[in-house]
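S.K.: model this:
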Amino acid sequence: MKVLHVINGLGTGGAERSLAELLPLLAVAGIDSSVACLVRKPEGVHAQVEAAGYPVTVIGSDRLSAVRRLRALITADQPDVVHTTIFEADVIGRVAAAGQRCKVVSSIVNTTYDGLRLADTQINPAKLAAAKMLDRVTARRLTDHFHAISPAVRDSAIAHLGLRPERVTVIERGRDLARLGRASIDRRNAVRAMLGVPADAEVVLSVGRQEPQKDQALLLRAVATLTSTRPRLTVLHVGRAGKATAELERLAATTELAGRVRFLGHRDDVGDLLAASDVFAFPSVYEGLGGSVLEAMALGAPVVVSDAPALVDVVEGGRGGLVVPVGDAAALAAAVERLLDDRALAAALAQQARQIFADRFTLERSAGRMVDMYAQVAGARSRC
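M.R.: Sure, this is the predicted structure:
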């Protein structure tokens, strides 16, 4: 079976990382994969995918020309399935595949149209409404099936795009344990020495692009309330700059946090940083799944997450980590402090988290279910 993956770019995000890690396992299962992306990102997994031998075609970001180029690529390669991911690639891929013999699958990766997103003052409501209409029309008319990365994403898509439940398959993404490695005291000490972080520091790690959705500003405000009683507390933040960068830098420069926060930018050694941390904090306002949380759980880093529905599901209601209300700095501070003070609780939650990861979020499990979905969709007679 041939699958053409269409995605905005092979950058540093969770969807991009997931695709790069999935491709080799799809190949083992007999899936012949190629990739079309709108742009080539300067950072990320583009070079990795090409080096692994998967054809990657850059079709450009202008919608009309990208549709023409992608349609020509589909005509020439005759894939059985065109699998699109992320809004621009979804629209372009769906239109380009219209009338072709291939089936179209779209991955739904976030709760894009939920009301919480409008709390971000940088979101233009009119533009979001227009995008939703375009997404809805092309989804309902030009797409055979949908892959949702979590139950929360499925429910949101059904509600906002008007999809029938039987057209949506939930397949949770997985992470590659071989890439992440294992936590150990030696690894912890080596990574801290490399970073210049004292061995006795209390390290809180946050991973995610610096965007309002991720609400890292909430974490900094929470930590600021703890510094007077925890002189060894340090925050490490991993993620590329974005719309929240200026606010984060301003907060980090305040008296309470001066010298306590380090912005490490994009990193490819997140496994090392997780092994070196005491707490992993992920206070997103909304989330599709939370790939960084999966990685923390795999490494056994005690986690605290917001009560965004997808994150509550990932930690199974608190079995694999502490859950705090979205936007509640006091609750987040209390949860971080609780994990730092109660190491027995932290260890117990970490053990449960590792088991949840093993049961639900291995790369092998995700790949197997994707192969099954492709076979089912490719064998269907017509669009649902």
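S.K.: for the least confident helix or strand in the chain by mean pLDDT, packing partners?
M.R.: Lowest on mean pLDDT, DSSP states H and E among the helices and strands of the chain sits helix 177-180, with a mean of 91. If you count contacts as 3 or more Cβ pairs under 8 Å, 6 or more residues apart in numbering; DSSP states H and E, helix 177-180 packs onto helix 270-275, helix 291-299. Yep, even glycine has a C-beta here, placed from its N, CA and C like the rest.
S.K.: what sits up against it?
M.R.: 21, 270-271, 274, 295, 298-299, 362-363 (Cβ atoms under 8 Å, 6 or more residues apart in numbering).
S.K.: ok, stretch 145-157 next?
M.R.: Residues contacting stretch 145-157 (Cβ under 8 Å, 6+ apart): 83, 103-114, 139, 163, 165, 167-173, 287-289, 308-310, 313-314, 370, 373, 376-377, 380, 384.
S.K.: so which of those are in strands?
M.R.: Within those, residues falling in strands by DSSP state E are 83, 103-108, 168-170.
S.K.: highest neighbour count among those residues?
M.R.: Ser106 (30 neighbours; other Cβ atoms under 10 Å).
S.K.: was I right about that residue contacting Arg136?
M.R.: No - counting by Cβ atoms under 8 Å, Ser106 does not reach Arg136; the two are 11.9 Å apart.
S.K.: for the stretch 201-350 of the chain, which segments count as strands?
M.R.: 202-207, 233-238, 261-263, 279-282, 303-306, 322-324 (DSSP state E, counting those that start in this stretch).
S.K.: need the ones you listed in CSV with mean neighbour count, can you?
M.R.: What follows is those, written out as CSV (neighbours: other Cβ atoms under 10 Å):
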stretch, mean neighbour count
strand 202-207, 24
strand 233-238, 22
strand 261-263, 18
strand 279-282, 28
strand 303-306, 28
strand 322-324, 21
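S.K.: for Arg250, which of the ones you listed is the nearest?
M.R.: Closest approach to Arg250 among those (Cβ to Cβ): strand 261-263, 11.2 Å.
S.K.: what sits up against that closest one?
M.R.: Strand 261-263 is contacted from outside by 195, 220, 223, 234-237, 248-249, 251-252, using Cβ under 8 Å, 6+ apart.
S.K.: redo that, cut-off 10 Å
M.R.: Contacting residues not belonging to strand 261-263 are listed as 195-197, 203-204, 206, 210, 216, 219-220, 223-224, 234-239, 241, 245, 248-249, 251-254 [Cβ atoms under 10 Å, 6 or more residues apart in numbering].
S.K.: you'd agree Phe357 is in a helix?
M.R.: Yes - the assignment for Phe357 is a helix, going by DSSP: H, G, I helix; E, B strand; the rest coil.
S.K.: how near is it to Arg365?
M.R.: 10 Å (Cβ to Cβ, to the nearest Å).
S.K.: between these two, which contacts overlap?
M.R.: Gly174.
S.K.: have a look at those two and say which one is more surrounded.
M.R.: Neighbour comparison, Phe357 and Arg365: the larger count goes to Phe357, with 23 against 15 (by other Cβ under 10 Å).
S.K.: that one and Gly291: what is the separation?
M.R.: 12 Å.
S.K.: for Ser366, same thing?
M.R.: Counting by Cβ to Cβ, the gap from Ser366 to Gly291 is 11 Å.
S.K.: can you check Ala222 too?
M.R.: The value you get for Ala222 to Gly291, if Cβ to Cβ is used, is 22 Å.
S.K.: same check, this time on Val67
M.R.: Distance from Val67 to Gly291, by Cβ to Cβ: 29 Å.
S.K.: between those two, which one's more packed in?
M.R.: Between Val67 and Gly291, counted using other Cβ under 10 Å, the more crowded position is Gly291 (23 against 20).
S.K.: you'd agree that one is up against Gly14?
M.R.: Yes - under the criterion of Cβ atoms under 10 Å, Gly291 makes contact with Gly14 at 3.6 Å.
S.K.: quickly list what's touching both of these two.
M.R.: 109, 149, 173, 175, 208.
S.K.: how close does Asp272 get to Pro79?
M.R.: Distance from Asp272 to Pro79, by Cβ to Cβ: 37 Å.
S.K.: Val56 too?
M.R.: Relative to Pro79, and taking Cβ to Cβ, Val56 is found at 14 Å.
S.K.: neighbour count winner among those two?
M.R.: Pro79 (23 against 16).
S.K.: contacts only, for the nearest residue to Met373 once chain neighbours are set aside.
M.R.: Leaving aside its chain neighbours, Met373 sits nearest to Thr169 (5.3 Å; criterion: Cβ to Cβ, 6 or more residues apart in numbering). By Cβ under 10 Å, 6+ apart, the residues touching Thr169 are 105, 145-148, 154, 369-370, 372-373, 376-377.
S.K.: tell me the one of the shared contacts of Gly291 and Gly14 nearest Val323?
M.R.: Nearest member of those to Val323, counting by Cβ to Cβ, is Gly208, at 17.3 Å.
S.K.: give the contact list for the spatially closest residue to that closest one that is not a sequence neighbour.
M.R.: Leaving aside its sequence neighbours, Gly208 sits nearest to Lys214 (Cβ to Cβ, 6+ apart; 4.0 Å). Applying Cβ under 10 Å, 6+ apart, we find Lys214 in contact with 206-208, 237, 239, 242, 244, 248, 282-287, 292, 306.
S.K.: sorry, back to before: filter the contacts of helix 177-180 down to the buried ones, PyMOL style.
M.R.: The PyMOL selection below is limited to those of those classed as buried (16 or more other Cβ atoms under 10 Å):
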select buried, resi 21+270+271+274+295+298+299+362+363
